[in-house]
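J.: Have a look; sequence and predicted model below, questions after that.
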Amino acid sequence: MATGTDTFEQQRVTAPTVRDAVVDLLRRLNMTSVFANPGSTELPLFRHFPEDFRYVLGLQEAVVVGMADGFAQATRNAAFVNLHSAAGVGNAMGNIFTAFKNRTPLVITAGQQARSILPFDPFLASREATELPKPYVKWSIEPARAEDVPHAIARAYYIAMTQPCGPVLVSVPVDDWDRPAEYLPTRTVSQQVRPDPAILEQIGNALDRSKRPAFVVGAAVDRDGAFNEVRQLAEAHNARVFTAPMSGRCSFPEDHRLFAGFLPAIREKIVHLLDGHDLVFAIGAPAFSYHVEGFGPHLPDGAELFQLTDDPQTAAWTPEGMAAIGSVRLGLLDLLARARPPTRALPPARSIARRVEPTTPLSTAFVMQTIADTKPADSIIVEEAPGARPVMQAHLPITQSEAFYTMDSGGLGYGMPAAVGVALGKPGRRVIGLMGDGSSLYSIQAIWSAAQLGLPVTFVILKNGRYAALQDFAPVFGFSSQEHVQGTDLPGLDFVSIARGLACSAVHAGSAKGLHDALDKAFSSERPTLIEVEVEDRDLHR
């Protein structure tokens, strides 16, 4: 007579395991790149690792999630992430928060101790695994049974990919991977919803009767593949187009005649810049993201607010106006299908920043201008230099869809690994990681991953020896111009040595010729290079 153990052993031989079913599912969902940092409770997943899969190692969990975020955005598909129990998820939380704000689809699995010892609070267990990542995941679960794990991961994928996209987490006990399970059927699940035609009709009518319309575009435009549609709608209405505060993507060509510039995250300044417009149409953007307390109206006198967003939560907290909820691209296509709007005059053109001359040390503006002059036409900028962003916006215009990525969250540690992930997701494209010296140090281990993968990433470190954004922002919180801001100086950093220690080529550029030569050489290399540029930053205060 067979024992219970004998029956289980026979099932292991004859039936697929949880691991078999999950690998099959990931293959069919085109998630064969595994972004991970290994731990003991995850090891059984990687036994008999499939030859058609790729394990992308990050040296710290923040790097893992940042790489996966860049890869998912670049490929427009959820990325698969494997983290180690509570400690690994904790290390990754900063970039999980950023992925949530970026609306990036990530399927995160986290290891858990064996089910049989969970009642005894074992070493490295995640005590409340589903609660740990909240509220910055769309959904989290630890399946009740081992055989439920494949279905949980499938459900997690479809939730992650449904607009607005975002990260999800599945906690998997270590002994689940070898338990019997069934292969899942192939399914098709629509992830887009068309906005209400009646609401779009009202928005279209309002656009037609407007005298001076303004568009405010956000990251969801580029995420939803609506870059060309928003340009066509702006041209049809001769509307001025502003980029929304803190937007993580380029959603309108910044050299276009109708481009009006970038809105700051300050209520009063937004109202001032939009003054004179009788209609504001926020497309794929919150209306509006604020960074400091403000007072007074949210819009200029006499202006109506309309919004097209993929996020019901954003529509819910918007303080006034009318909102259409659903796919940004589908909504724009419906607006473009309407009869041609009345002809109106072109609005005044935006003034363009003048070219700058080299100084000693180099100015941030000159560095941006030189990158703009020398970068390949199809290159991609991944930026995390918040103190230098206004200068970048003036001297390094982005003109193409999917050519710019930064964090919507404001949390540091995303940029360097995201540059690696974007390069993995866009093979053959030059990726330029434009980093501040302070922000680069949050996940600088990503350089090692770029070197090991042999990716054509050029990291440019703007070395000004301080947390520039904090020092420049201090007066808003009552600091005098002479008062020192504690904890914001960064002396003694040597990024060339750090990069070389992580197996990456590196050079210091201290002159205009040195910078030009370093960029030319880096842009022609098929391997990663780090360029450290010491900058003086009085131009950041203008």
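T.: Thanks, I have the structure now. Only a predicted model underlies this, so the values are computations on that prediction, with no experimental measurement involved. Numbering: from 1, shown residues only.
J.: how many other residues sit next to the residue nearest to E182 when sequence neighbours are not counted?
T.: Leaving out its chain neighbours, the residue that sits closest to E182 by Cβ to Cβ, 6 or more residues apart in numbering is A21, at 6.5 Å. Using the backbone N, CA and C atoms, a C-beta is placed for each residue, glycine as well. A21: 22 surrounding residues under other Cβ atoms under 10 Å.
J.: OK, contacts around A21?
T.: V149, P150, A181, E182, Y183, L184 (Cβ atoms under 8 Å, 6 or more residues apart in numbering).
J.: Pipe these into CSV and attach pLDDT per row.
T.: As requested, the contacts of A21 are arranged in CSV below (pLDDT from 0 to 100):
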residue, pLDDT
V149, 98
P150, 98
A181, 96
E182, 96
Y183, 97
L184, 96
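J.: Could you export these to a markdown table, including columns for secondary structure and neighbour count?
T.: Formatted as a markdown table, the contacts of A21 follow (DSSP: H, G, I helix; E, B strand; the rest coil; neighbours: other Cβ atoms under 10 Å):
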| residue | secondary structure | neighbour count |
| --- | --- | --- |
| V149 | helix | 25 |
| P150 | helix | 26 |
| A181 | coil | 23 |
| E182 | coil | 13 |
| Y183 | coil | 13 |
| L184 | coil | 15 |
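J.: Relative to G326, which of the residues you listed is nearest.
T.: L184 (28.5 Å; Cβ to Cβ).
J.: So the chain: which segments form each domain?
T.: Partitioning the chain according to automatic domain parsing yields domains covering residues 4-176, 197-336, 362-541.
J.: The second one - what's its average pLDDT?
T.: This means domain 197-336. Mean pLDDT, computed over domain 197-336, is 97.
J.: Can you give me the end-to-end span of it?
T.: In domain 197-336, first residue to last residue: 13 Å (Cα to Cα, to the nearest Å).
J.: distance between that domain and the chain's centre?
T.: Counting by Cα atoms, centre = their mean, to the nearest Å, domain 197-336 is centred 20 Å from the centre of its parent chain.
J.: and if you look at the last one?
T.: Between the mean C-alpha point of domain 362-541 and the mean C-alpha point of its chain there is a distance of 16 Å (Cα atoms, centre = their mean).
J.: list the helices and strands the lengthiest helix in the chain packs on?
T.: Longest among the helix segments of the chain by residue count, using DSSP state H, is helix 85-102. Contact partners of helix 85-102 among helices and strands, from 3 or more Cβ pairs under 8 Å, 6 or more residues apart in numbering; DSSP states H and E: helix 61-75, strand 79-83, strand 106-112, strand 167-173.
J.: Just list what the last one packs against, helices and strands only.
T.: Strand 167-173 sits against helix 85-102, strand 106-112, strand 140-141, helix 149-161, with contacts defined as 3+ Cβ pairs under 8 Å, 6+ apart.
J.: Now with 6 Å, please.
T.: If you count contacts as 3 or more Cβ pairs under 6 Å, 6 or more residues apart in numbering; DSSP states H and E, strand 167-173 packs onto helix 85-102, strand 106-112, helix 149-161.
J.: quick one: which of the contacts of A21 is nearest E534?
T.: For the contacts of A21, the nearest to E534 is V149 (51.2 Å; Cβ to Cβ).
J.: so how far is R47 from that closest one?
T.: Look at V149 and R47: by Cβ to Cβ, to the nearest Å, they are 16 Å apart.
J.: Tell me the helix or strand right after the lowest-mean-pLDDT helix or strand in the chain.
T.: None of the helices or strands of the chain scores lower by mean pLDDT, DSSP states H and E than helix 4-14, at a mean of 50. Sequence order places helix 18-28 as the next helix or strand after helix 4-14, per DSSP states H and E.
J.: Need the CA coordinates for that following helix. CSV is fine.
T.: Coordinates of each C-alpha in helix 18-28 appear next as CSV, following Å, rounded to 0.1, in the frame of the first residue of the first chain:
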residue,chain,number,x,y,z
VAL,A,18,4.3,25.1,-9.7
ARG,A,19,7.7,26.1,-11.2
ASP,A,20,6.9,24.4,-14.5
ALA,A,21,3.5,26.1,-14.7
VAL,A,22,4.9,29.5,-13.9
VAL,A,23,7.8,29.2,-16.3
ASP,A,24,5.3,28.3,-19.1
LEU,A,25,3.1,31.2,-18.2
LEU,A,26,6.0,33.7,-18.2
ARG,A,27,7.2,32.4,-21.5
ARG,A,28,3.7,33.0,-23.1
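J.: Please work out the average pLDDT along that helix.
T.: Here the average pLDDT along helix 18-28 is 97.
J.: Buried ones in it, by neighbour count?
T.: By neighbour count on 16 or more other Cβ atoms under 10 Å, the buried set for helix 18-28 is V18, R19, D20, A21, V22, V23, L25, L26.
J.: Give me whichever of the helices and strands packed on strand 167-173 is most buried.
T.: strand 106-112 (a mean of 27; mean count of other Cβ atoms under 10 Å).
J.: Residues touching it, excluding its own?
T.: With contact meaning Cβ atoms under 6 Å, 6 or more residues apart in numbering, strand 106-112 is reached by 39, 41-42, 68, 78-85, 89, 99, 126, 129, 156-157, 160, 167-173.
J.: hang on, the earlier thing: quick one: closest of the helices and strands packed on helix 85-102 to K375.
T.: Here helix 61-75 is closest among these (Cβ to Cβ), at 17.4 Å.
J.: Just list what that closest one packs against, helices and strands only.
T.: Helix 61-75 sits against strand 33-36, strand 79-83, helix 85-102, helix 415-425, with contacts defined as 3+ Cβ pairs under 6 Å, 6+ apart.
J.: Adjacent strands (with direction) for the shortest one?
T.: Paired with strand 33-36 in the same sheet, following DSSP bridges, are strand 54-57 (parallel), strand 79-83 (parallel).
J.: Redo those strands as TSV? Include mean neighbour count.
T.: Putting the strands paired with strand 33-36 into TSV (neighbours: other Cβ atoms under 10 Å) gives the following:
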stretch	mean neighbour count
strand 54-57	16
strand 79-83	29
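J.: can you redo those as TSV with mean pLDDT?
T.: Shown next, in TSV, are the strands paired with strand 33-36 (pLDDT from 0 to 100):
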stretch	mean pLDDT
strand 54-57	98
strand 79-83	98
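J.: And these: which comes nearest A503?
T.: strand 54-57 (13.1 Å).
J.: Check T41 and give its pLDDT.
T.: pLDDT, read off for T41, is 89.
J.: ok now do G321, which residues does it touch?
T.: Shown in contact with G321 (Cβ under 6 Å, 6+ apart): L305, F306.
J.: would you turn the helices and strands packed on helix 61-75 into CSV with distance to Y290?
T.: Below are the helices and strands packed on helix 61-75 laid out as CSV (distance: least, Cβ to Cβ, whole Å):
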stretch, distance to Y290
strand 33-36, 33
strand 79-83, 31
helix 85-102, 15
helix 415-425, 23
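J.: right, and those - which one's nearest V431?
T.: helix 415-425 (4.3 Å).
J.: tell me the contacts of A450?
T.: Residues in contact with A450 (Cβ under 6 Å, 6+ apart) are V420, V457, P528.
J.: could you point out which element follows the strand or helix carrying it?
T.: Assigning secondary structure by DSSP H and E places A450 in helix 446-453. Once the chain leaves helix 446-453, the next helix or strand it forms, by DSSP H and E, is strand 457-463.
J.: So which other helices or strands are in contact with that next one?
T.: Counting by 3+ Cβ pairs under 6 Å, 6+ apart, the packing neighbours recorded for strand 457-463 are strand 431-436, helix 437-440, strand 529-536.
J.: Can you show me the strands along the stretch 151-300 of the chain?
T.: For the stretch 151-300 of the chain, the strands defined by DSSP state E, counting those that start in this stretch occupy 167-173, 213-217, 240-243, 259-262, 279-283.
J.: related to what we said a few turns ago, do you know which of the strands paired with strand 33-36 lies nearest I447?
T.: That would be, of the strands paired with strand 33-36 and by Cβ to Cβ, strand 54-57, which comes in at 13.2 Å.
J.: For the closest one, list the C-alpha coordinates in CSV.
T.: Taking C-alpha atoms only, strand 54-57 is exported to CSV below (Å, rounded to 0.1, in the frame of the first residue of the first chain):
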residue,chain,number,x,y,z
ARG,A,54,17.7,35.7,-19.0
TYR,A,55,18.7,36.3,-15.3
VAL,A,56,19.5,40.1,-14.9
LEU,A,57,21.4,40.4,-11.6
